[in-house]
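Colleague: Requesting a structural model of the entry that follows:
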Amino acid sequence: MSYVSVDVMWTLLGAAMVFFMQAGFSLCEAGLTRAKNTGNILMKNLMDFCIGTPAFWLVGFGIMFGGSGAFIGGFDPFILGNYDFGPLPKWCYVIFQTVFCATAATIVSGSMAERTKFSSYCVYSALISLVVYPISGHWIWGGGFLSQMGFHDFAGSCAVHMVGGVAACIGAATLGPRIGKYGKDGRPRAIPGHNLTAVALGVFILWFCWFGFNGCSTVSMSSDEAMLSASLIFMNTNMAAAVATCTVLIITWIRYKKPDVSMCLNGALAGLVAITAGCDVVDPFGAFFIGLAAGILVVASVEFFDKTAKIDDPVGAVSVHGACGMFGTLAVGLFATDGGLFYGGGFHFLGIQAAGVLAVAAWTGVMMTVIFQVIKHTIGLRVEQEIEIDGLDIHEHGLASAYSGFAIQDVMGGLDVNENTDLGEDNPNEASKAQLDAAVPVVKTPDVMPADTGMYKIAVIAKLSRFEKLKRALNELGVTGMTVTQVMGCGIQRGAGEYYRGVEMDATLLPKIKIEVVVHKIPVDKVIDTVKKTLYTGRIGDGKIFVFQVARVVKVRTGEENENALRDVE
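Modeller: Residues are numbered from 1 along each chain as shown. Okay, the predicted model is just below:
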């Protein structure tokens with residue numbers, strides 16, 4: 001196998017891993033938003049790549065690598081420019097750059113989630129891949145003025161992540177916050193995502209793929225120098241992510257009294273973004289402090305945009321990619337072992353990095369403002385209020401639910417079948433006419449409420465975590481039927497002051513479960529005592545018990561009423 005073959009395989013492996021980051025972004029963004037918009041989020045991530053691929057192939061790549069010193073021009077969309085690919089085959093390098101372009105585009109979908117027209121988003125996705133990303137990318141990686149100045153962005157903290165983060169900020173600001181995000185007093189309200197499991201899986205996928213994003217950007221593995229560089233890059237990438245996560249853990253534990261899960265997951269991404277620019281020129285000590293600073297920055301940034309700037313960013317894309325991408329690019333001028341300020345290099349390298357950050361931020365900010373304003377005043381950028389409230393899935397994609405047929409918890413599977421339970425016909429369609437005729441007919445009674453029927457409905461509001469224990473206790477008492485509903489609510493204490501991403505949870509958004517049973521022969525007081533003993537912990541939120549008199553019960557299968565209807569045997 002030739003050295004060129006090794007380099008090609010290494011680069012193509014990197015391209016495949018960076019492509020798989022789309023799966024990670026999809027899971028993160030879907031999990032951090034509400035279930036009613038899941039299909040829309042997944043569709044936007046899919047189309048970022050599918051629209052971006054031909055757009056970047058036809059125009060973007062030629063702009064980005066159209067020849068040293070070129071701004072726009074010097075490229076042929078079918079020849080893909082006169083860029084010197086070195087030993088790599090042209091198409092190997094093209095696909096490697098394509099997946100990086102798609103990454104920049106897809107960052108924006110999370111910040112604009114739950115309120116953006118799908119058609120308008122597709123227009124944005126095409127334009128960032130056609131023009132916005134390629135031009136700033138040319139300045140950095142295609143022989144443009146920043147690369148000639150000595151600007152260093154090894155794998156894209158600035159070229160990819162900051163561009164995506166700035167675009168995300170402009171998009172979210174242009175759209176405005178989601179309905180219900182801010183109260184009349186301007187205070188932010190927490191809108192929790194619906195699936196942290198998906199978020200965690202997405203982050204682990206992104207973390208894994210980042211080894212390809214950074215490590216395979218050497219585009220070579222055929223020399224000792226390349227192998228040593230890749231090894232250092234892998235080490236630094238992992239170090240920064242781990243330290244940033246630990247930093248966010250400590251900060252949120254102190255600030256919010258409990259470690260915030262979603263913020264810690266954002267912290268891992270913050271460390272990965274920040275180390276991307278300098279992963280090849282810093283040592284592990286530098287990576288440690290870059291991760292530490294990124295962890296502090298991402299928490300402060302999320303709170304700033306949420307509470308002060310009032311830019312509603314459901315997934316933290318502006319903070320993770322924009323703020324930490326900007327910091328990571330500047331950090332090269334601080335921590336580079338050759339020329340960094342903290343390693344005796346003075347301010348010259350840091351000044352170059354700062355100039356590059358300002359140039360790219362200004363270009364992206366201006367262009368994305370123009371693009372989003374044009375879209376807003378032509379085809380429209382934001383969906384109508386009714387669509388946003390109902391969810392984009394049903395209106396934009398005809399998708400009633402992205403989780404159709406999925407039950408969050410099997411609340412029916414644990415009741416024991418005993419002598420008081422009659423399961424009836426296995427197939428009701430095979431019931432004989434004699435069985436049907438034998439059913440007691442429904443007798444209409446006067447609409448008079450009896451004084452006391454001896455039947456009572458007991459409704460219990462409790463924590464979801466106590467359901468299994470309560471179900472078993474009621475079953476042992478003789479209760480074999482119940483209605484269970486997952487609800488949201490709070491008592492007069494107005495909630496327990498929990499936090500989500502730095503914002504205090506609304507007191508009406510505490511998850512609860514409601515269990516309803518109807519009893520006749522079982523004493524009500526006995527049921528109440530059983531429930532109290534099962535649920536009691538002495539803490540706020542143990543639950544409440546409500547008792548109602550039942551005026552009338554009708555069994556659908558037989559037509560029996562009241563006491564007879566409550567019996568489950570003939």
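
Colleague: Where does the prediction get shaky in the chain?
Modeller: Low-confidence segments of the chain (pLDDT under 70): 1-3, 67-87, 406-451, 490-497, 505-510, 568-570.

Colleague: and residue 453, that one's in a helix?
Modeller: No - applying DSSP: H, G, I helix; E, B strand; the rest coil, one finds residue 453 to be coil, outside a helix.

Colleague: Relative to residue 360, how far out is residue 369?
Modeller: 15 Å (Cβ to Cβ, to the nearest Å). (Each C-beta comes from the backbone N, C-alpha and C, glycine too.)

Colleague: quick one: which of these two has more around it?
Modeller: Neighbours were counted for residue 369 and for residue 360 using other Cβ atoms under 10 Å; residue 360 has more, 26 against 15.

Colleague: List the buried residues for the host helix or strand of residue 263?
Modeller: Per DSSP states H and E: residue 263 is located in helix 261-276. Using 16 or more other Cβ atoms under 10 Å as the test for burial, helix 261-276 gives 262-276.

Colleague: Could you do stretch 525-538 as well?
Modeller: Quick answer for stretch 525-538 (16+ other Cβ under 10 Å): 527, 530-531, 534-535.

Colleague: who touches the strand or helix carrying residue 526?
Modeller: According to DSSP H and E, residue 526 maps onto helix 524-535. Residues from elsewhere that reach helix 524-535 (Cβ atoms under 8 Å, 6 or more residues apart in numbering): 456, 458, 460, 462-463, 466, 469-470, 473-474, 477, 479, 517, 519, 542-543, 545, 547.

Colleague: Ok, stretch 204-211 next?
Modeller: Against stretch 204-211 from outside (Cβ under 8 Å, 6+ apart): 17-18, 20-21, 23-25, 27-28, 234, 237-238, 241, 268-269, 272, 276.

Colleague: burial count for the closest residue to residue 342 other than its chain neighbours?
Modeller: Once flanking residues are discounted, residue 342 sits nearest to residue 334: 5.4 Å by Cβ to Cβ, 6 or more residues apart in numbering. Around residue 334 there are 21 other residues, counting by other Cβ under 10 Å.

Colleague: Next SSE downstream of whichever strand or helix holds residue 334?
Modeller: Residue 334 is part of helix 324-335 when elements are defined by DSSP H and E. Proceeding N to C from helix 324-335, the next assigned helix or strand is helix 348-377, under DSSP H and E.

Colleague: what angle separates that next one from helix 324-335?
Modeller: Using axes from the mean of the first three to the mean of the last three Cα atoms, to 10 degrees, the direction of helix 348-377 lies 170 degrees away from that of helix 324-335.

Colleague: how distant is helix 348-377 from the center of its chain?
Modeller: 26 Å (Cα atoms, centre = their mean, to the nearest Å).

Colleague: Would you mind listing the residues in contact with residue 42?
Modeller: Residue 42 is in contact with 26, 30, 402, counting by Cβ under 8 Å, 6+ apart.

Colleague: Going by neighbour count, which of those comes out on top?
Modeller: Going by other Cβ under 10 Å, residue 30 tops the contacts of residue 42 with 27 neighbours.

Colleague: Please report how far residue 398 lies from residue 45.
Modeller: On the measure of Cβ to Cβ, residue 398 and residue 45 end up 19 Å apart.

Colleague: neighbour count winner among those two?
Modeller: residue 45 (24 against 8).

Colleague: nearest spatial neighbour of the more buried one, skipping sequence neighbours?
Modeller: Distances taken as Cβ to Cβ, 6+ apart place residue 26 nearest to residue 45, at 4.2 Å, with adjacent residues excluded.

Colleague: ok, now which ones touch that neighbour?
Modeller: 41-42, 45-46, 202.

Colleague: hmm, which two among those are most spread apart?
Modeller: Between any two of the contacts of residue 26, the greatest separation by Cβ to Cβ is 14.7 Å, found for 46 and 202.

Colleague: So for the two, which residue has more residues nearby?
Modeller: residue 202 (25 against 13).

Colleague: Residue 346: neighbouring residues, count only.
Modeller: 12.

Colleague: what do you get for residue 184?
Modeller: So residue 184, with other Cβ under 10 Å, has 5 neighbours.

Colleague: element containing it?
Modeller: Applying DSSP H and E, one finds residue 184 in no helix or strand.

Colleague: Helices along the stretch 101-250 of the chain, start to end?
Modeller: In the stretch 101-250 of the chain, the helices defined using DSSP state H, counting those that start in this stretch lie at 118-127, 133-141, 145-149, 163-175, 196-210, 224-256.

Colleague: What are the neighbouring residues in contact with residue 132?
Modeller: 163, 167, 363-364, 367-368, 371.

Colleague: meant to ask about residue 27
Modeller: Residue 27 touches 198-199, 201-202, 205, counting by Cβ under 8 Å, 6+ apart.

Colleague: Show me which of those residues is closest to residue 298.
Modeller: With Cβ to Cβ as the yardstick, the closest approach to residue 298 among the contacts of residue 27 comes from residue 199, at 14.8 Å.

Colleague: In this model residue 32 seems to touch the closest one, though I could be wrong.
Modeller: Yes - contact status for residue 199 versus residue 32: in contact at 5.7 Å, counting by Cβ atoms under 8 Å.

Colleague: any residues in contact with both of the two?
Modeller: Joint contacts of residue 199 and residue 32 (Cβ under 8 Å, 6+ apart) are 193, 262.

Colleague: returning to what we had before: can I get the helices of the stretch 101-250 of the chain in CSV including distance to residue 217?
Modeller: Output for the helices of the stretch 101-250 of the chain, formatted as CSV (distance: least, Cβ to Cβ, whole Å):
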stretch, distance to residue 217
helix 118-127, 24
helix 133-141, 10
helix 145-149, 15
helix 163-175, 16
helix 196-210, 11
helix 224-256, 8
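
Colleague: now for these, which one comes closest to residue 488?
Modeller: The nearest among the helices of the stretch 101-250 of the chain, by Cβ to Cβ, is helix 196-210 at 16.9 Å.

Colleague: Tell me where the stretch 351-500 of the chain has strands.
Modeller: 456-462, 483-488, 499-500 (DSSP state E, counting those that start in this stretch).

Colleague: from those strands, which stretch is densest packed?
Modeller: Most buried of those, by mean neighbour count (mean count of other Cβ atoms under 10 Å): strand 456-462, with a mean of 20.

Colleague: what angle do that strand and strand 483-488 make?
Modeller: Using the same axes, to 10 degrees: strand 456-462 against strand 483-488 is 40 degrees.

Colleague: For strand 456-462, name the packing helices and strands.
Modeller: strand 511-519, helix 524-535, strand 544-549 (3 or more Cβ pairs under 8 Å, 6 or more residues apart in numbering; DSSP states H and E).

Colleague: Reformat the ones you listed into CSV and put distance to residue 55 next to each item.
Modeller: Converted to CSV, the helices and strands packed on strand 456-462 look like this (distance: least, Cβ to Cβ, whole Å):
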stretch, distance to residue 55
strand 511-519, 43
helix 524-535, 58
strand 544-549, 58
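
Colleague: do you know which of these lies nearest residue 555?
Modeller: strand 511-519 (11.6 Å).

Colleague: Pairing partners for that closest one, with directions?
Modeller: strand 456-462 (antiparallel), strand 483-488 (antiparallel) (DSSP bridges).
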